[in-house]
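S.K.: test case, fold it:
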Amino acid sequence: MSNQGPVLIGIRGVVQGELFPLAYGKAAVLGRSRSCDFSIRNCKRWVEKEDAGQPTPETARTVSRKHVKVTYHNAGSIEIEDLSSNGTFVDGKRIDRVILTDLKETPHQIQLGGGEVFRLEWR
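M.R.: As a prediction, this is how the structure comes out:
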């Protein structure tokens, strides 16, 4: 069995430095709610701000409770579906729903709301 697969890597905002591998055949919901599969409220940068009594960054406040659903169907089919009113952007373009078929060759950038940014890549 291969250990390779798609991984979301936080590159900007409170998600910077976070890693979230996607599970084969499963959908993962990302957002601000702690009930999400990946909650930005559990990110180290969010927790540090909270612990210090500082306000959360503006970009984090533009992330909806349930913001985006990413489904790893197979290596040639990663589906990204916007669940928010603040927008999800893939490679700079606002999307409602998109299926990526080239992840093994090309990483993609996913932005939630005003600036929480992940790189989706194959590792």
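S.K.: contacts, neighbours, all on C-alpha from now
M.R.: OK.
S.K.: burial check on Asp51, number of neighbours?
M.R.: 9 (other Cα atoms under 10 Å).
S.K.: was I right to think Arg34 contacts Arg41?
M.R.: Yes: using Cα atoms under 8 Å, Arg34 makes contact with Arg41 at a distance of 6.6 Å.
S.K.: extract the CA atoms of the worst-scoring helix or strand of the chain on mean pLDDT and return them as CSV.
M.R.: Within the chain, no helix or strand scores below helix 58-61, which has a mean of 85 by mean pLDDT, DSSP states H and E. Provided in CSV are the C-alpha atoms of helix 58-61 (Å, rounded to 0.1, in the frame of the first residue of the first chain):
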residue,chain,number,x,y,z
GLU,A,58,-9.0,39.5,10.0
THR,A,59,-8.4,36.9,7.4
ALA,A,60,-9.4,34.1,9.8
ARG,A,61,-12.7,35.9,10.5
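S.K.: do you know the pLDDT at Met1?
M.R.: pLDDT recorded at Met1 is 42.
S.K.: same check, this time on Asp51
M.R.: On pLDDT, Asp51 comes in at 91.
S.K.: tell me how far it lies from Phe38.
M.R.: 20 Å (Cα to Cα, to the nearest Å).
S.K.: which SSE is the closest residue to Glu18 other than its chain neighbours in?
M.R.: Spatial nearest neighbour of Glu18, excluding adjacent residues (Cα to Cα, 6 or more residues apart in numbering): Gly10 at 5.0 Å. Assessed by DSSP states H and E, Gly10 sits inside strand 6-12.
S.K.: okay, that strand in PDB with CA atoms only?
M.R.: Backbone C-alpha positions of strand 6-12 (Å, rounded to 0.1, in the frame of the first residue of the first chain) are rendered in PDB as follows:
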ATOM      1  CA  PRO A   6      -2.900  14.700  -1.500                       C
ATOM      2  CA  VAL A   7      -1.800  17.000   1.300                       C
ATOM      3  CA  LEU A   8      -3.100  20.500   2.200                       C
ATOM      4  CA  ILE A   9      -0.200  22.600   3.500                       C
ATOM      5  CA  GLY A  10      -1.000  26.000   5.100                       C
ATOM      6  CA  ILE A  11       1.100  28.700   3.500                       C
ATOM      7  CA  ARG A  12      -0.500  32.000   4.600                       C
END
